[in-house]
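Participant: coordinates for the following, if possible.
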Amino acid sequence: MSSVNRKIREHRSLTIPSSRYAGSETDDTHALTRTPSRDSGDNQGEQPTLNHRLQHTSSILAIALGDEHIYAGTQAGEILVYSLKNYERLAVIDGHRGSVLALTLSTDQSLLLSGAGDRIVNVWHTKPFAQAYCLYSTYDIGDVFCVSYSSLTKTVYLGAQNTTIQWCKLGEPQTKSSTRDRALHPSLRDDPFFDSKGPGGSRTPKPADAHVTPKHATGGQTLEISKENAKHFAHFGYVYCMLLLKEGVQETAGREVLVTGGGDGVVKLWRLDATNGGIQELFTLDDGREEGHSILSITVDGTFLYSGRSGGEVDVWDLETRQLLRNLKAHRDDVLSVCVGGGILFSAAVTGFVRKFDRQYQLKSRFEAHKGRVLAAAFTYAQRRPIFVTGASDCTLAIWDVSDCMASPTAASRTSDELMLEHLRRFVSYRTVSSDPKHQLDCRRGASYLRTVFKNFGATTEMLPTKDPLNPVILAKFRGNPAIATKRKKILFYGHYDVVAAENEQAKWAADPFTLRGVDGYLYGRGTSDNKGPIMAALFACVELAKDQALDSDIVFLIEGEEECGSRGFEQAVKAAKDKIGDVDWILLANSYWLDDRIPCLTYGLRGVIHATVQIESSHPDLHSGVDGSAQLDESLKDLVSLLSTLTGKNGEVMIPHFYDPIPPLGEEERALYADITNSLLQRNPSLGSPHAVAVGLMRKWREASLTIHRFQTSGPDNATIIPRLAKAAISIRLVPNQEASTVATALTAFLHDGFAKLESTNKLTVAIDHQAEPWLGDWTNQIFQTLEEAIMEAWGPIDHLERRASHNARPKLDNSLRNGSAEADSSYFNAKLSPTTSSALADSSSAIPPLQPLTPLAEMTSRLAALTSPTSPRSSRSHANSLSSSTSLPSSQRRKPLYIREGGSIPAIRFLEKEFDAPAAHFPVGQASDHAHLDNERLRLENLYKARSIFKKVFRELPKK
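Facilitator: Numbering: from 1, shown residues only. From the prediction side, this is the model:
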């Protein structure tokens, strides 16, 4: 039954004998023949670290690892392609109509072979992704469980459900099938069971898409495997696994040998004919047991062969003597994968557990890799680090760092990427919530940890005290080349280690907010984006420059712990330590996000803010409206509502006299920046609205002051009959450059008192200014912004202007008022009711790199992947992609420059630092619009973290030379 066969790999109990532990989903240590052993000084018993987890919508049945990519076959017939560097999904290949049960790479990794439950073997070019060949057999072979490829003879080998091993040499003209014969091609054949005639000669109609070719399985040569190229009854059972062996067998004198395992419990080795690729049996490895538990997986390490069996056993064979050395009772159920790397044997089973054995086959440790059946696993070295990858029925791939598990001679030194992630992981674990007194000690511990990191990497550090109980400020200095001490420039980097609260009592977070998790190319955890991730990127930029002896400037870090509470105590601490800090040439911070998820940005302006509390209090106590309510009674809440209603007029216009007078008009250069922003956003998503509406919506948030009423509070019980004695409201005013916070605060207080006097109320008004921060406007044409722009362009390379596939609108045209710098703003600016261009809308309408949607057009994937692997070079794959699919709409243009944006939020420290040190500041956003900063499930894209470090390195290296 083909529908059942597609799931054979996922549920072996349908096709193989059950073990005495069948049905058990646990992996109890007591069921093993030996218990885990730990030797003194031996780190092989350590548990692996979960680096990242990649989620999908169907089970992962097969894995192949290249130098740069992870390939995963799914139950839905897809092949997923992930980056081994940042774990982002690069492509989704719709390649089969059945479950992908086997994946393997050619020796040079230029070809990827896939076998599936649709009785097809596809051969794919990996650069660019395109189908090269489609292989099929004229026999009804059932599921293709395993494939191998000989690069020497260009021959494909497959093991099938019908007990055959078949082979096909690629590119031979006589094997090419020019047409699809219904009687031969698997996609067109009738199924012997489902398409058979029932009583009365009737037959169930086939689904409408029964003969539809998978979306990307087109364009390659279709090869029919010759009937002579088949070894029938190669095993007396399904051929579950195979691999090619180049050495270790004396009889072959260094020539390739095919090794296969089957449902008959036997491992066979086959000599290969160099002329036609045919196979001839060399010898058999059989432990002689009558029951013959199936061989489900095999791997080879030198002259030793390991086979995973049904029933939870792993056999160890010596290929030179052909002796069975060990029989390990590894698991309580079927062992679907065995891997060897770094002197460790990894076995994975349907129980979801993985076990580790050393070279003496002692059990060292066990860990639960998945909440489901582990169906595939693979081992490789990525960036000189050992990586173990597992895939399971829980629809996830797990990437494990097993470097701590290796014996010391094989362990490599940690890379900068790993060190940065490890320190970020520990940094995030500190609950540095500045707004909650119960976390005061956590804040101090987090600050102490960060200071230690700075010190360990060579910085001089000091804790700048603040007024108790406020958190201290960390001062850290990386000194540049001592040979040019008198000429060294100084860059001040500002950041904050405190975070907003992240309680998970209502389970809105997917996991503990203070445990860093890597999922689908993102790092999740409170503070990853705001602001612990950017701090680590800047810190490691200095570390790498110092290591390379390329740091020619002094980099000063000021990292405070009260930013989320309005930078309490920061100004006083900095002023007191100004002599220790010294002169500063430039100020840099990275404490915000892109406008969308696609285009890097530079921020040149922030609004300021005034937070105030307006309170009206009566002399009488809380009253009952039915007993004491009358028109002559001055009610505090009515007075408050009446008073606050005078603050704003139509369309939110603030009514404070001369409020708008200091605000400069929109200049021609800045108008051009808005035109650039609008053009970029609408190229991706025309449904955002008209260019004018989008631009005006952004201007209103960024360069227009606004007033907001946040909440009301009243005294007395919370019921509908009370006349409260006291009523108060929290309000804020967002200021724009040229508006002085102190001046506006005075004007607000005066306006409210004047308005209250007009009410002639007997109640008492109190206006309290709780917090104020100055607005900031940077010069986006100065050296630091230009250096940042160059660094961003170098790091990110060309950026596609991609329209969403659901939209077929023409490219939007900007209206003249935005395109022409000399044109006046439209007269409807203050009168039109426009939909707000919110950050969530912009994030939802964009995608960072290829959308995580199934069935991505192959030509589009090709173009995007080529751009990702070579970000600074022209996308040479574009012409090839066009030749693959002329109907695919590729990007019509590319941009390299970042967007220059302003923001509606406020950062109190930036304008203060500019004034205090008389130095220009620049703001470099690291995260994306969808980072969920201050919200549940805050995250930071791993690629953004790596790119930020590269950008900081270039700025720290190049800016002092200007």
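Participant: next up, phi/psi of the residue lying closest to P662 once chain neighbours are set aside, please.
Facilitator: Once flanking residues are discounted, P662 sits nearest to N738: 4.1 Å by Cβ to Cβ, 6 or more residues apart in numbering. Just so you know, the C-beta spots here come from the backbone N, C-alpha and C atoms, and that holds for glycine as well. Dihedral pair for N738: phi 90, psi -10, per degrees, to the nearest 10.
Participant: one more: E789?
Facilitator: When quoted as degrees, to the nearest 10, the phi and psi of E789 stand at phi -60, psi -50.
Participant: isn't it up against K897?
Facilitator: Yes. With contacts defined as Cβ atoms under 8 Å, E789 counts as touching K897 at a distance of 6.3 Å.
Participant: who has more neighbours, those two?
Facilitator: E789 (18 against 15; other Cβ atoms under 10 Å).
Participant: which residues touch the more buried one?
Facilitator: With contacts taken as Cβ atoms under 8 Å, 6 or more residues apart in numbering, E789 has the following neighbours: 602, 897-898.
Participant: same check on F478?
Facilitator: Contacts for F478 were tallied using Cβ under 8 Å, 6+ apart; they are 458-459, 542, 546, 551, 554-555, 557.
Participant: hey, what's it bridged with?
Facilitator: In this structure, F478 bridges to I555 when assessed by DSSP bridges.
Participant: separation between it and V955?
Facilitator: Using Cβ to Cβ, to the nearest Å, F478 is found at 14 Å from V955.
Participant: so the closest residue to L258 other than its chain neighbours is in which element?
Facilitator: When the adjacent residues along the chain are set aside, L258 lies closest to W270, with 4.2 Å between them (Cβ to Cβ, 6+ apart). In the assignment (DSSP states H and E), W270 maps to strand 267-272.
Participant: residues in contact with the nearest residue to K489 once chain neighbours are set aside?
Facilitator: Nearest residue to K489 in three dimensions, chain neighbours excluded: P960, at 3.9 Å (Cβ to Cβ, 6+ apart). P960 sits next to 480, 488-489, 491, 552-553, 585 when contact means Cβ under 8 Å, 6+ apart.
Participant: T299 now?
Facilitator: If a contact means Cβ under 8 Å, 6+ apart, then T299 has 243, 305-306, 338-340 as its contacts.
Participant: of the residues you listed, which pair is most distant in space?
Facilitator: Greatest spacing in those, by Cβ to Cβ: L305 and C339 (13.0 Å).
Participant: so what's the gap between stretch 628-638 and the chain middle?
Facilitator: 57 Å (Cα atoms, centre = their mean, to the nearest Å).
Participant: what residues are up against Y306?
Facilitator: With contact taken as Cβ under 8 Å, 6+ apart, Y306 is in contact with 298-300, 314-317, 338, 340, 345.
Participant: quick one: which of the residues you listed is most hemmed in?
Facilitator: V338 (27 neighbours).
Participant: could I get the buried residue list for the longest helix along the chain?
Facilitator: Of all the segments of type helix in the chain, defined by DSSP state H, the longest one is helix 741-759. For helix 741-759, burial by neighbour count (16 or more other Cβ atoms under 10 Å) applies to 741, 744-745, 747-749, 751-752, 755-756, 759.
Participant: isn't there a helix covering A91?
Facilitator: No. With DSSP: H, G, I helix; E, B strand; the rest coil as the criterion, A91 is strand rather than part of a helix.
Participant: for it, grab the count of nearby residues.
Facilitator: The burial count for A91: 22, using other Cβ under 10 Å.
Participant: how far away is it from G518?
Facilitator: When A91 is compared with G518 (using Cβ to Cβ), they lie 20 Å apart.
Participant: ok, N122 next?
Facilitator: Taken as Cβ to Cβ, the span from N122 to G518 is 30 Å.
Participant: more neighbours: which of these two?
Facilitator: Residue environment comparison for N122 versus G518 gives the larger neighbour count to N122, 26 against 21, counting by other Cβ under 10 Å.
Participant: secondary structure class for the more buried one?
Facilitator: strand.
Participant: flag the shaky bits of this structure, pLDDT-wise.
Facilitator: Residues of the chain meeting the criterion pLDDT under 70: 1-45, 172-185, 187-195, 206-211, 248, 251-253, 290-292, 404-413, 800-895.
Participant: phi and psi next, for the residue of it positioned farthest from its centre.
Facilitator: Within the chain, the residue lying farthest from the chain centre (Cα atoms, centre = their mean) is Q632, at 62.9 Å. In this entry, Q632 is assigned phi and psi values of phi -90, psi -10 (degrees, to the nearest 10).
Participant: so how far is K356 from it?
Facilitator: 84 Å.
Participant: now do S150
Facilitator: Where K356 is concerned, S150 sits at a distance of 32 Å (Cβ to Cβ).
Participant: neighbour count winner among the two?
Facilitator: Each of S150 and K356 had its neighbours counted (other Cβ under 10 Å), and the higher figure belongs to K356 (23 against 20).
Participant: three-state assignment of the more buried one?
Facilitator: When states are read from three-state DSSP, the local structure at K356 comes out as strand.
Participant: roughly how far does it sit from V350?
Facilitator: In this structure, K356 and V350 are 18 Å apart, going by Cβ to Cβ.
Participant: ditto for D401
Facilitator: Here the distance between D401 and V350 works out to 24 Å (Cβ to Cβ).
Participant: which residues does A750 contact?
Facilitator: For A750, no residue meets the contact criterion (Cβ under 8 Å, 6+ apart).
Participant: what about F493, helix or strand, and which?
Facilitator: Following DSSP H and E, one finds F493 within strand 490-496.
Participant: and after that strand, which helix or strand comes next?
Facilitator: In the C-terminal direction, the helix or strand that comes right after strand 490-496 (DSSP H and E) is strand 517-519.
Participant: so which residues make contact with that following strand?
Facilitator: With contacts defined as Cβ under 8 Å, 6+ apart, strand 517-519 is touched by 50-55, 87, 399, 510-511, 523-525, 942.
Participant: for T153, which non-adjacent residue is closest in space?
Facilitator: Computed as Cβ to Cβ, 6+ apart, the closest residue to T153 that is not its neighbour in sequence is G277, at 5.3 Å.
Participant: touching, the one you found and Y149? I think so.
Facilitator: No. In this structure, G277 sits apart from Y149 without contact. The criterion is Cβ under 8 Å, and the distance is 10.7 Å.
Participant: next, the residue lying closest to A76 once chain neighbours are set aside: phi, psi?
Facilitator: The spatially closest residue to A76, leaving aside those adjacent along the chain, is S58, at 4.1 Å (Cβ to Cβ, 6+ apart). S58 adopts backbone torsions of phi -150, psi 170, taken as degrees, to the nearest 10.
Participant: residues contacting S58?
Facilitator: 74-76, 78, 395.
Participant: give me that answer again for 6 Å
Facilitator: Taking Cβ atoms under 6 Å, 6 or more residues apart in numbering as the definition of contact, the neighbours of S58 are 74-76, 395.
Participant: what's the answer for P724, then?
Facilitator: P724 sits in contact with 622, 637, 714-716, where contact means Cβ under 6 Å, 6+ apart.
Participant: likewise A510?
Facilitator: Shown here is A510, whose contacts under the criterion Cβ under 6 Å, 6+ apart are N937.
Participant: try 8 Å this time
Facilitator: Taking Cβ under 8 Å, 6+ apart as the contact definition, A510 lies against 517, 519, 524, 937.
Participant: and F540, what element?
Facilitator: Short version, using DSSP H and E: F540 is in helix 533-547.
Participant: that helix: how far from the chain's middle?
Facilitator: In this view, helix 533-547 has its centroid 21 Å away from the chain centroid, taken as Cα atoms, centre = their mean.
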